[in-house]
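Trainee: Predicted model follows, preceded by the sequence.
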Protein chains: 2
Amino acid sequence: MNVAELERYLHEHIPLSRAMGVAVAAATLDEVVLTAPFAPNINHRETVFGGSASALCILSAWALVHLRLRAAGVAARLVIQRNVMDYQRPIQGEFSARATIPDAAAWSRFERAFERKGRGRIDVAATLASGDEIAGRLAGTFVALR
Amino acid sequence: MNVAELERYLHEHIPLSRAMGVAVAAATLDEVVLTAPFAPNINHRETVFGGSASALCILSAWALVHLRLRAAGVAARLVIQRNVMDYQRPIQGEFSARATIPDAAAWSRFERAFERKGRGRIDVAATLASGDEIAGRLAGTFVALR
């Protein structure tokens, strides 16, 4: 699934991603980078609404796990179990979320658990940024179910 | 600010709330209850997208602090600092978020800190539900700044 395919998938299946104007900037097995424009995501203070910021981070994290499972030929139902979002500075413009798997060994354990028990859990990190400036961080936990 | 006024305020100032179809069901100094319809908030599994669920909880929590500060005649800039969201079950229909201030004494400390230092921090809880069934919980921390 390349950048254009992932973007189309998100817009088709998750209508809020379209309302937010989400675009896919990178979609590899190492990272997924999503961007969103300012206007549809502003709040009453004319900075980015926290709900939009965390939704973009959640989407990037979900998409990374989704792409990796697809690449591994694993058919799983993937659900978010928990997320912790820290907002470090207000954003006044376009913003991005970059998701990575912080612990490489954890991915192998996740896949093995899924194969053995039909259920695996994986932690994903996402960095919220505006331009080159870090604006927040998400730690998300996802569960894959057979 | 009554139910209709809060709803208009959200739709005018936070466009994502309009895209999500957010409606205000209750807006008192004890609780804010927001609802959202299923269709604009679905995900690829035809359950509610986690980003929509957490955004509704964040909005309800923010609105409750906003209403209480207004009622107290306090003019503050209110920003979210952190949130922890637990997703307990998938939702397949309309959903709601109900925000409350879990610790009454904490509100007084928050107001006093804001008066004294121009900065106060308050924890807010929100319960995500679908019908009568609890579907998740948010713990949010907000900072009020002069």
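Mentor: Good, I have the coordinates. Numbering: from 1, shown residues only, chains lettered A, B, ... in the order given.
Trainee: going forward, measure contacts between C-alpha atoms and count neighbours the same way
Mentor: Fine.
Trainee: Output the longest helix belonging to chain A.
Mentor: Longest helix of chain A, by residue count under DSSP state H: helix A:50-71.
Trainee: helices or strands up against the helix or strand harbouring residue A:110?
Mentor: Secondary-structure assignment from DSSP states H and E places residue A:110 in helix A:104-117. Packed against helix A:104-117, as judged by 3 or more Cα pairs under 8 Å, 6 or more residues apart in numbering or on different chains; DSSP states H and E, are the following elements: strand A:119-130.
Trainee: List the buried residues in stretch A:120-132.
Mentor: If you call a residue buried by 16 or more other Cα atoms under 10 Å in any protein chain shown, then stretch A:120-132 has these buried ones: A:120, A:121, A:122, A:123, A:124, A:125, A:126, A:127, A:128, A:129, A:130.
Trainee: distance of the residue nearest the centre of chain A from residue A:46?
Mentor: With the centre of chain A defined as its mean C-alpha position, the nearest residue by Cα atoms, centre = their mean is residue A:60, 1.7 Å away. With the distance defined as Cα to Cα, to the nearest Å, residue A:60 ends up 24 Å from residue A:46.
Trainee: residues in contact with the closest residue to residue A:53 other than its chain neighbours?
Mentor: Using Cα to Cα, 6 or more residues apart in numbering or on different chains and skipping residues adjacent in sequence, the residue nearest residue A:53 is residue A:128, 7.3 Å away. The neighbours of residue A:128, taking Cα atoms under 8 Å, 6 or more residues apart in numbering or on different chains as the test, are A:53, A:57, A:95, A:96, A:97, A:98, A:134, A:135, A:136, A:137, A:138.
Trainee: before we move on, what about residue A:26?
Mentor: Under the criterion of Cα under 8 Å, 6+ apart, the contact partners of residue A:26 comprise A:3, A:32, A:33, A:34.
Trainee: Next, count neighbours for residue A:66.
Mentor: Close neighbours of residue A:66, defined as other Cα atoms under 10 Å in any protein chain shown, add up to 20.
Trainee: Return the set of residues that bridge with the nearest residue to it once chain neighbours are set aside.
Mentor: Residue nearest to residue A:66 in three dimensions, not counting chain neighbours: residue A:78, with 7.5 Å by Cα to Cα, 6+ apart. With DSSP bridges as the criterion, the beta-bridge partners of residue A:78 are residue A:144.
Trainee: Does residue A:78 touch residue A:141 like I think?
Mentor: No: shown here, residue A:78 and residue A:141 do not form a contact pair, counting by Cα atoms under 8 Å, at 10.4 Å.
Trainee: Which positions in chain A make contact with chain B?
Mentor: Residues of chain A found near chain B (Cα under 8 Å from any Cα of the partner chain) are A:10, A:13-16, A:19-20, A:40-44, A:49-52, A:54-56, A:58-59, A:80-88.
Trainee: I figured the residue nearest to the centre of chain A was touching residue A:96, is that so?
Mentor: No: Residue A:60 is not in contact with residue A:96 according to Cα under 8 Å; the separation is 9.3 Å.
Trainee: Now the common contact residues for these two.
Mentor: Taking Cα under 8 Å, 6+ apart as the contact rule, the neighbours common to residue A:60 and residue A:96 are A:33, A:34.
Trainee: For residue A:67, which residues are in contact?
Mentor: Remark: with contacts taken as Cα under 8 Å, 6+ apart, residue A:67 is in contact with A:1, A:27, A:28, A:29.
Trainee: so is the last one in a helix, a strand, or just coil?
Mentor: Classification of residue A:29 using DSSP: H, G, I helix; E, B strand; the rest coil returns coil.
Trainee: Good, wrapping up.
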